[in-house]
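Q: What follows is a predicted protein model with its sequence.
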Amino acid sequence: PNGTQIPLDELADINYAFGPAKISRENTRRRVVVSVNVRNRDLESVVKDIQAKIDNNIVLESGNYITYGGQFENLKNATQRLKLAVPIALLLIFIFLHFAFKSFKDAALIFTAVPLSAVGGVFFLWIRGMPFSVSAGIGFIALFGVAVLNGIVLIEYLKELKESGMKDMRELILKASRERLRPVMLTASAAALGFLPMAISTSSGAEVQRPLATVVIGGLVTSTLLTMILLPLLYKIFNSPKPPKIKKIPSTVKSIILLIAFSGSLTVFAQNFENEPQKITIEQAVEYTKQNNPVLQNTLLNIESAKKQKQGILNFDPTEFSYQKGQINSDFIDHSFEINQNFGSFLTHYQTGKLVNQNISLSEKEYIIVEKEIIAQTKIAFYKWIYLINRFKIKQEQVGLYKEFVRITQLKYELGESNLLEQTLAETEYAASKNSLLKITEELIIAENKLKQLMNTDGDFIPESDSLVIYQLPAGTDPSARFSSSVMLNYYENLYAIENVKYNIERSRYFPELSAGYFNQQIDQVGGFTGWSIGLKMPIWFLPQNAKVQEAKIGKEKAINIFEYQKFNLEKEIENLVIHLDQIQNDLIYYHENALKKATLLTNTAQIQFEKEEIEYLEFLQSIKAAQEIKLGYSETLYNYNITAIKLEFYIK
């Protein structure tokens, strides 16, 4: 007023905040639309999968809900109408047939075309990979009306022939079938060809036309074929003056039928059983791993491969055969034949045999180590799975408590009994607990998949018991006493022994190699000469072999260094694990003697005081959360103890 300017901050507070770009409402409620396009699947199964994912992974806040609209809503409405329309259509078809023939028997005979046509409709949908839809349901209604036309054409002519005086039922049926084959085929083909353009259509709206036309064409094919075969037989059965004689079923046929029925029942039982999660213990998980792990199977094959090397210990050079023919400065012809064999150095063969035995021993130790390793990994993965299941339960309980806390603070805020700060705090804690639950859920899925990878099998598994228990080390386990016989230490000792044998093999090549031979010489008109020879091959030029010996000696020294280093590392690793295990044992004693009792006391006291309205919900929630944190700490400590004990068992057993 009076030309004076008023500062804007005296009239309003202006700030920037994040918010939705658009707010939609329906029935005074906010609405957020998520659109999904479905391809190569039916809409109902997709919605069921979405519902299952949301129910398992999403916790909705109070006042929020999810509805499924669009084409799915139209599908539900159409399905409800189809549930009423299909029975009415079938009933009307039967009523009209009864009025037309004035015979319940004839109407029932013609009505058999309905199930026969349904078989073809379903079969053609399956062949073309189309799901059942509303348009397919309408196609079945149209199909049932067209399919009965074949029966009407055939039954009407059968009745005419019977009324004309033809008594022989066999001749009557054959004559009617022959003379009505063309009209029946014409009736069915006319309808089928009329729907063919719709069945192969690719234009706009074809996704509605194709299922409808496919059902009609497929149903007409099967109903036409089966009507010309089955309907005359049924007519003969129901119109013969004498009931047909039913032959006794052979015992073999009975056995086959019973076997098929029993197999079918077993299949259904197996399918129902497979849908149920399989309970599994840690011992069963270990057995799965030992049976299915390909790495362990390959190490077993390595043992077999090493044993096969025994056949090549005596590796002689190839036997030399030679034949000569020539002339000796005259008409005499010389024929000579020789055999020579180099047996090598028998000392080298002896050392090679020792090398093969050391390789077999190394392969056996490698198998034991790999087996121990995958068993330890399986036990660790199993205990982590159990540990995360327990954390998930506690966090899920926390989410429920914070959800109730949010509801209470909102109600108190609306009544003016609390402020915005308390409501914001409740919502923040609730969001944080939900986020923590989501992380644990993902970790739980990863842990379960890791266990399945080790077991090399897939399926739904649940632990037989989801309670964490203390892992018991084998009786008499003494790290200091058992370390000397540790397979890990023996493995590196075996590596040193192999290098030592390789060094001895190179040294053995200084020794002479033994060879033997035989010769036979024949000269025409003179006679023959035979003899044998023994030779020794002795290395005179030693420098190349000296280099190989020195190289093998260096490999031997490297192996002893690795052995000593690994021995030292294993000793320290076991020492550290023993110390760490002792520390965790002290923590477990603290939890058992103190913390867990206090957690139980906190929970019971908070519940009693809250029921007596001596404390507010926030104080009750804080007490329960403190007790739950103690339980979480205990489960984590117990998990760490089990992991440490399993690692210690791996090194010393």
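A: Yep, it's here.
Q: for Gly344, phi and psi?
A: phi 70, psi -170 (degrees, to the nearest 10).
Q: Next up, the contacts around it.
A: Contacts for Gly344 (CB atoms under 8 Å, 6 or more residues apart in numbering) come out as 315-317, 513-514. All C-beta atoms are positioned from the backbone trio N, CA, C, and that covers glycine.
Q: Give me the three-state assignment for the residue nearest the centre of the chain.
A: Geometric centre of the chain, nearest residue: Asp458, 3.4 Å, by CA atoms, centre = their mean. Secondary structure, DSSP: H, G, I helix; E, B strand; the rest coil: Asp458 is coil.
Q: Residue numbering should commence at 2 henceforth.
A: Renumbered: residue one is now 2, and that last one reads Asp459.
Q: Grab the nearest non-local neighbour of it.
A: Lys453 (6.0 Å; CB to CB, 6 or more residues apart in numbering).
Q: how much space between that neighbour and Leu221?
A: As judged by CB to CB, to the nearest Å, Lys453 and Leu221 stand 49 Å apart.
Q: again with Glu514
A: 89 Å.
Q: more neighbours, these two?
A: Ranked by neighbour count (other CB atoms under 10 Å), Glu514 and Leu221 place Leu221 first, with 28 against 18.
Q: ok, the more buried one touching Val147?
A: Yes - under the criterion of CB atoms under 8 Å, Leu221 makes contact with Val147 at 6.5 Å.
Q: got any ranges where the stretch 452-601 of the chain has weak pLDDT?
A: Residue ranges of the stretch 452-601 of the chain with pLDDT under 70: 476-486, 525-528.
Q: need the helices for it, in chain order.
A: 480-483, 488-509, 544-591, 597-612 (DSSP state H, counting those that start in this stretch).
Q: for those, which one sits closest to Asn240?
A: In terms of CB to CB, the element of those nearest to Asn240 is helix 597-612, at 80.6 Å.
Q: so how far is that closest one off the chain centroid?
A: Helix 597-612 sits 44 Å away from the centroid of its parent chain (CA atoms, centre = their mean, to the nearest Å).
Q: what sits against Arg211?
A: Contacts of Arg211 (CB under 8 Å, 6+ apart): 129, 131, 199-202.
Q: Lowest-scoring secondary structure element of this protein by mean pLDDT?
A: helix 252-275 (a mean of 39; mean pLDDT, DSSP states H and E).
Q: Mind checking what helix or strand follows that helix in sequence?
A: As assigned by DSSP states H and E, the chain's next helix or strand after helix 252-275 is strand 279-281.
Q: That next one pairs with which strands?
A: The pairing partners recorded for strand 279-281 under DSSP bridges are strand 462-464 (parallel).
Q: And the strand it pairs with, what's buried?
A: 462, 464 (16 or more other CB atoms under 10 Å).
Q: List the contacts of it.
A: So strand 462-464 is in contact with 278-282, 383, 386-387, 390, 449, 452-453, going by CB under 8 Å, 6+ apart.
Q: Of those, which count as buried by neighbour count?
A: 281, 383, 386-387, 390, 449, 452-453.
Q: possible to save these as CSV with distance to Glu620?
A: Listed next are those as CSV, based on distance: CB to CB, whole Å:
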residue, distance to Glu620
Ile281, 42
Phe383, 39
Trp386, 35
Ile387, 33
Ile390, 30
Glu449, 37
Leu452, 41
Lys453, 44
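Q: Where strands are concerned, which of the residues you listed count?
A: Ile281 (DSSP state E).
Q: from the buried ones among the contacts of strand 462-464, which single one is nearest Val185?
A: Lys453 (57.4 Å).
Q: pLDDT below threshold where in the stretch 52-201 of the chain?
A: For the stretch 52-201 of the chain, the ranges with pLDDT under 70 are 83.
Q: give the contact list for Asn595.
A: Going by CB under 8 Å, 6+ apart, the list of residues near Asn595 is empty.
Q: do Val217 as well
A: So Val217 contacts 122, 140, 143-144, 147, 192-193, 196 (CB under 8 Å, 6+ apart).
Q: Let me know the closest of those to Pro475.
A: Among the contacts of Val217, and counting by CB to CB, the member closest to Pro475 is Gly122, at 65.9 Å.
Q: who touches that closest one in this structure?
A: 137, 140-141, 144, 215-217, 219-220.
Q: let's see 10 Å
A: Applying CB atoms under 10 Å, 6 or more residues apart in numbering to Gly122 gives the contacts 133, 137, 140-141, 144-145, 148, 212, 215-224.
Q: ditto for Thr410
A: 418-428, 431, 618-619 are the contacts of Thr410 under CB under 10 Å, 6+ apart.
Q: among these, which are in helices?
A: Using DSSP state H, the members of those that fall within helices are 421-428, 431, 618-619.
Q: Next, format those as TSV and append distance to Asn65.
A: Shown next, in TSV, are the ones in helices among the contacts of Thr410 (distance: CB to CB, whole Å):
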residue	distance to Asn65
Leu421	21
Leu422	23
Glu423	21
Gln424	17
Thr425	18
Leu426	20
Ala427	16
Glu428	13
Tyr431	13
Tyr618	22
Leu619	24
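Q: PyMOL command for the buried members of these?
A: Burial among the ones in helices among the contacts of Thr410 is assessed by 16+ other CB under 10 Å; the matching PyMOL selection reads:
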select buried, resi 423+424+427+428+431+618+619
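Q: right, and out of the ones in helices among the contacts of Thr410, which lies closest to Arg181?
A: Closest to Arg181, out of all of the ones in helices among the contacts of Thr410 and judged by CB to CB, is Tyr431, at 75.6 Å.
Q: For that closest one, which non-adjacent residue is closest in space?
A: Tyr403 (4.0 Å).
Q: where's that neighbour, which helix or strand?
A: helix 347-416.
Q: and if you look at Tyr635?
A: Going by DSSP H and E, Tyr635 is in helix 618-653.
Q: can you pull the buried residues of that helix?
A: 618-619, 621-622, 624-626, 628-629, 631-632, 634-636, 638-653.
Q: before we move on, what about stretch 406-418?
A: Those buried within stretch 406-418 under the rule 16+ other CB under 10 Å are 406-411, 413-414.
Q: hang on, the earlier thing: same list, the helices of the stretch 452-601 of the chain, but as JSON lines with mean neighbour count please.
A: Shown next, in JSON lines, are the helices of the stretch 452-601 of the chain (neighbours: other CB atoms under 10 Å):
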{"stretch": "helix 480-483", "mean neighbour count": "14"}
{"stretch": "helix 488-509", "mean neighbour count": "19"}
{"stretch": "helix 544-591", "mean neighbour count": "14"}
{"stretch": "helix 597-612", "mean neighbour count": "15"}
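Q: And these: which comes nearest Lys291?
A: helix 488-509 (16.5 Å).
Q: Could I get the average pLDDT for stretch 290-302?
A: Mean pLDDT, stretch 290-302: 83.
Q: Can you get me the centre-to-centre distance for it and its chain?
A: Distance, centroid of stretch 290-302 to centroid of chain: 19 Å (CA atoms, centre = their mean).
Q: Using PDB, list the CA coordinates for it.
A: Output of stretch 290-302 as PDB, limited to C-alpha atoms (Å, rounded to 0.1, in the frame of the first residue of the first chain):
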ATOM      1  CA  THR A 290      28.100 -82.400  -4.600                       C
ATOM      2  CA  LYS A 291      30.300 -85.500  -4.500                       C
ATOM      3  CA  GLN A 292      28.100 -87.300  -7.100                       C
ATOM      4  CA  ASN A 293      27.600 -84.500  -9.500                       C
ATOM      5  CA  ASN A 294      30.600 -82.200  -9.300                       C
ATOM      6  CA  PRO A 295      32.500 -82.500 -12.700                       C
ATOM      7  CA  VAL A 296      35.800 -81.200 -11.200                       C
ATOM      8  CA  LEU A 297      35.900 -84.100  -8.700                       C
ATOM      9  CA  GLN A 298      35.000 -86.600 -11.500                       C
ATOM     10  CA  ASN A 299      37.900 -85.300 -13.600                       C
ATOM     11  CA  THR A 300      40.400 -85.700 -10.800                       C
ATOM     12  CA  LEU A 301      39.200 -89.300 -10.500                       C
ATOM     13  CA  LEU A 302      39.900 -89.700 -14.200                       C
END
